[in-house]
Structures are given as structure tokens and as C-alpha cells.
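> let's see this in three dimensions:
(one chain, ligands or ions: 1)
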Amino acid sequence: MKTYVVMLAGGRGERMNAPVNKVLLRIGGIPVVIRSMEAFSAYADEMVIVTRPVDREEIMSEASSRSFPFPFRFADGGETRQASVLNGLRALCPDPDGIVLIHDAARCLVDPELISRVILSVKENGSGIPGIPATNTCKICGPDGYVLQTPERSSLFEIQTPQGFSAGLILDAEERAAAEGFLGTDDACVLEHYGYAVKVVPGSSANIKLTEPGDMVRARMLLEGDGMDMRIGMGYDVHRLTPHRKLILCGVEIPFELGLHGHSDADVALHALMDAMLGACALGDIGSHFPDTEERYRGISSAMLLRETVRILADAGFRVHNADLTIVAQKPKILPYIPLMTANIAAELGIPQSSVSVKATTTEKLGFEGRMEGISAYAVCTVTES
Ligand code: MG
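Residues are numbered from 1 along each chain as shown. Modelled structure (predicted):
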């Protein structure tokens, strides 16, 4: 029995105050729609992503950089949710004996147990929709705002997705509704209208629909437990000491008879810092972003590269929280320059100087640093979602 997933990703994000479709917003660096797709990895045999044509390319490029264990295709969103679902169903052409799961891509926190419950219910009852008992008293009001009726709270459920149906049932109901112009508020509503039984299974309070900006904060808290997606990165770099070169460390030019050899200004400390930043976000390393084979990086100030690295992190939704560097050099004395180094880094990262630490050590004349053949640097930083 095949399981088909209709992923509704056609939102506009108006209530989210976002310039893009809300399902393209990132949580922990991963777009909401991709998180939703991943949630169905263990269940889906085929998936259709129903979205506006304008968003298709971005979803496609995000999705193709990952490997999903199921094939997926796209369908265009319609004027109504029901029209979107029908477009998705038509694109899938499901086997009538199969199972169709219809899911709001904005519910990216859906858990595997919930999906299992829905599927089991479809197998047993022909349908399964997740619901949580209403916690607030609900009133039915007239247009004048006066209460007409207070339904018994224990019989009220808030309904979530995925809503699951026997493929034959949902196809029949959706095609008939389209032909007759019946519009329901959810997918189950269409089945109910044509007299099919719809079964509610336990939903989950964590299965929230991302609708308003506060929901993004809540989703991050639910994902991370403590509300802080803290990542740690480390970086290490070495450059050779050589005559006729400037010695630049953390953007500060230090008078010395030797300087560091390299394609850029060879600021070994900032290189270690940038690798720590990129590493914290799993975004590669400075070699992949600023190849030393490229002429445009010859002699470039590493402070410029740091500025670019900050931008790369920001684009992926991250910012540095604090940084700690250790420069390993037998000579010259670094200590007098540390306040200036700290200020440089803090300014580029846009964080307080109290969040930046630069330290220096010798190696008691041991090793390459001790023999003054080179200078090395270590950096650790923490990164949070911006
Ligand atoms: Mg380097």
C-alpha cells in the first residue's frame, strides 16, 4: 500500500510579516518546508509539493542539495486550499488503494509518532486526522458579537495536519466538491460533506502551524528545548614567518623584522577565527569560500574577508555570540596590541568587546613557533541563530 504526501507550501507569509513565503524561512539554518519534507522520510513513497511557481526554484534547489528517500514533484497552488489539494492529487495520480496524507508545510515540527497514528487510522478506518482537545471554552457567536451557543468543550477538538485518507475516498470527494463548488475549511470537511466517516486521532501540542512571528520563536524553543540553538566552532591556522612581509595579526600591523607568508595578508589569527565561524555553521572553510588560487584575494586584508564571512553567516541565519583566540608566537610580544585586536574583531562581528578574547602564548622555544619558523593561531566561537 503506497503512501502519497501532498505538501501544501503555497503560503504568502502575510501574517508572518515576512517578505518571502513563510515555508522558506529558516529554523536552525534549514527552511521550514525542507524540515516538513524530512519529517515524512520514513513514510512517503511519493510526494508532491504544491506551491506558487515563484517559490518553486528555491524549494527545488534547497531540496536537491539533500537526499530524500522518496521521489517528489511540484504542482501549482490554486485559489483555495481545496484547489491546491486537488492540483496535488491530480499530479500524484495515486493508486486508489493507497494512502494520501495532506500536510501544511508550515507544520514542520510534526513528529513521527503522530504520522504513524494517522497512517494506522487510515488503514483501519479509511481516514485519520490529528486533533487536540480544546483547552479554551469555545462560543458560537452571531455577527453582532452576541453568543448564540456554547458547545460542550469535551466534544471540541482543534484539528491539525497531516490529515490522512484512503486515496480513493479523498479523490472522489475532492473531484465531486470541485465539480459542485463545495468549499470546506479543511480536507476532512469535504469527506464529511459527502457522508464519509472521519476519525480523529490524538494530535500533538508541539505540532504548531507557523503563522505569526512569535511562532518562529516558539518553534526554535521546541526544537532546541532551551530556546537557544548554540553552536560551537573551532579553527586553527599556521603561516610561515618570512622576511620582507608585514606582520598583521587580528587586523593590527605589528612592527617586527619578520612577517607572515601567504596569498592574502596572512593574518593567521583572523583565518583561524573565520574557520571557527564557518565550522560552527557547517558552512565549509575559508579555503572553500576564498580560494588562494584566486587573484582577487592576493594581498587582501583578512579583515575584509572577516566582514564577508559575517555576511555569509548572516545569509544562513547565524551570528557570532562570542569568540576566543589564542595566538602562538615566540616573538614579538603580542600583549600591547591585544586591546586593539579585540576592538577590531568586536567591530567586525558587531558584538561587545567583552564577548571577544584574544590571548597570546609562546611555546618555550619548542616546536616551529618556538624556532620562529611560523606563527599559529587557534580560535573557538559560539554562534546562535540571528
Ligand atoms: Mg591561513
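> enumerate the residues of the stretch 251-386 of the chain near the ion.
For the stretch 251-386 of the chain, the residues in contact with the ion (C-beta under 5 Å from the ion) are His271. Every C-beta, even on glycine, is put in place using the N, C-alpha and C of the backbone.
> how about the helices in the stretch 251-386 of the chain?
Assigned helices in the stretch 251-386 of the chain, in chain order: 268-280, 286-289, 302-315, 338-349, 367-370 (criterion: DSSP state H, counting those that start in this stretch).
> averaged pLDDT, stretch 90-98. What do you get?
Stretch 90-98 shows an average pLDDT of 95 in the prediction.
> could you tell me the end-to-end distance of it?
14 Å (C-alpha to C-alpha, to the nearest Å).
> mind listing what's buried in that stretch?
By neighbour count on 16 or more other C-beta atoms under 10 Å, the buried set for stretch 90-98 is 91-92, 94, 98.
> tell me the mean pLDDT for stretch 373-381?
Computed over stretch 373-381, the average pLDDT equals 98.
> quick check: buried residues in it?
For stretch 373-381, the neighbour count (16+ other C-beta under 10 Å) marks 374-381 as buried.
> can I get those residues in TSV with distance to Glu62?
TSV is the format used below for the buried residues of stretch 373-381 (distance: C-beta to C-beta, whole Å):
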residue	distance to Glu62
Gly374	41
Ile375	40
Ser376	37
Ala377	35
Tyr378	34
Ala379	30
Val380	30
Cys381	26
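> ok, the residue of the stretch 251-386 of the chain with the smallest separation from the ion to Arg298 distance?
Residue nearest to the ion within the stretch 251-386 of the chain (C-beta to the ion): His271, separated by 3.6 Å. Distance, His271 to Arg298, by C-beta to C-beta, to the nearest Å: 15 Å.
> same deal with Leu24?
Leu24 is 37 Å from Arg298, where distance means C-beta to C-beta.
> between the two, which is the more surrounded one?
Set side by side, Leu24 and Arg298 show more neighbours around Leu24, with 21 against 11, by other C-beta atoms under 10 Å.
> just give me the neighbour total for the closest residue in space to Thr384 that isn't next to it in sequence.
Nearest non-adjacent residue to Thr384, counting by C-beta to C-beta, 6 or more residues apart in numbering: His321, 5.0 Å away. Applying other C-beta under 10 Å, we find 17 residues neighbouring His321.
> likewise the one 3 residues further on?
Burial of Asp324 is recorded as 17 neighbouring residues (other C-beta under 10 Å).
> report the beta-bridge partners for it.
When assigned by DSSP bridges, Asp324 has beta-bridge partners Ser357, Val380.
> which residue does the stretch 51-200 of the chain bring closest to the ion?
Nearest residue of the stretch 51-200 of the chain to the ion: Ser65, at 27.4 Å (C-beta to the ion).
> tell me the pLDDT of that residue.
81.
> ok, now the one 4 residues further on?
You'll see Pro69 listed with a pLDDT of 88.
> offset the numbering so it begins at 51, please.
Noted, 51 is the first residue going forward, which turns the last one into Pro119.
> tell me the secondary structure at the nearest residue to it once chain neighbours are set aside.
Distance criterion C-beta to C-beta, 6+ apart; nearest residue to Pro119, sequence neighbours excluded, is Ser91 at 5.5 Å. Taken by DSSP: H, G, I helix; E, B strand; the rest coil, the conformation at Ser91 corresponds to coil.
> ok, Ser91 touching Phe118?
Yes: contact criterion C-beta atoms under 8 Å: Ser91 and Phe118 qualify, at 6.4 Å.
> could you measure the residue nearest to Thr434 against Val160, distance?
From His371 to Val160 the distance is 30 Å (C-beta to C-beta).
> then Pro144?
Distance from Pro144 to Val160, counting by C-beta to C-beta: 20 Å.
> so who does Leu297 touch?
303-306, 308-310, 382 (C-beta atoms under 8 Å, 6 or more residues apart in numbering).
> show the buried residues in those.
For the contacts of Leu297, a burial check counting by 16+ other C-beta under 10 Å picks out 304, 306, 308-310, 382.
> the residues you listed: which two are farthest apart?
In terms of C-beta to C-beta, these reach their longest pairwise distance at Leu310 and Pro382, which sit 12.1 Å apart.
> any weak-confidence spans in this protein?
For the chain, the stretches with pLDDT under 70 are 61-67, 274-278.
> surely the residue of the stretch 301-436 of the chain closest to the ion and Tyr286 touch.
No: with contact defined as C-beta under 8 Å, His321 does not reach Tyr286; the gap is 9.1 Å.
> so which of the two has more stuff around it?
Neighbours per residue, other C-beta under 10 Å: of His321 and Tyr286, the larger number sits with His321, 28 against 16.
> check contacts around the more buried one.
Contacts of His321 by C-beta under 8 Å, 6+ apart are 285, 287, 289, 336, 352, 427.
> ok so the third one is a strand residue?
Yes: residue assignment for His289, taken from three-state DSSP, places it within a strand.
> that one: neighbour count?
Using other C-beta under 10 Å, the number of residues around His289 comes to 22.
> so how far is Met422 from it?
From His289 over to Met422 the distance is 12 Å, taken as C-beta to C-beta.
> which ones are touching Asp325?
283-287, 335-336, 429.
> for Asp105, what are its contacts?
Contacts of Asp105 (C-beta under 8 Å, 6+ apart): 59-60, 70-71, 73-74.
> do Arg102 as well
If you count contacts by C-beta under 8 Å, 6+ apart, Arg102 has them with 60, 62, 71, 126-127.
> so what's the most far-flung residue of the chain relative to its centre up against?
Residue farthest from the centre of the chain, counting by C-alpha atoms, centre = their mean, is Glu307 at 48.0 Å. Shown in contact with Glu307 (C-beta under 8 Å, 6+ apart): Pro293.
> before we move on, what about the one 10 residues further on?
Contacts were defined as C-beta under 8 Å, 6+ apart; by that measure Asp317 touches 298-301, 310, 351-353.
> beta partners for Val56?
Val56 has these beta-bridge partners by DSSP bridges: Val98, Ile152.
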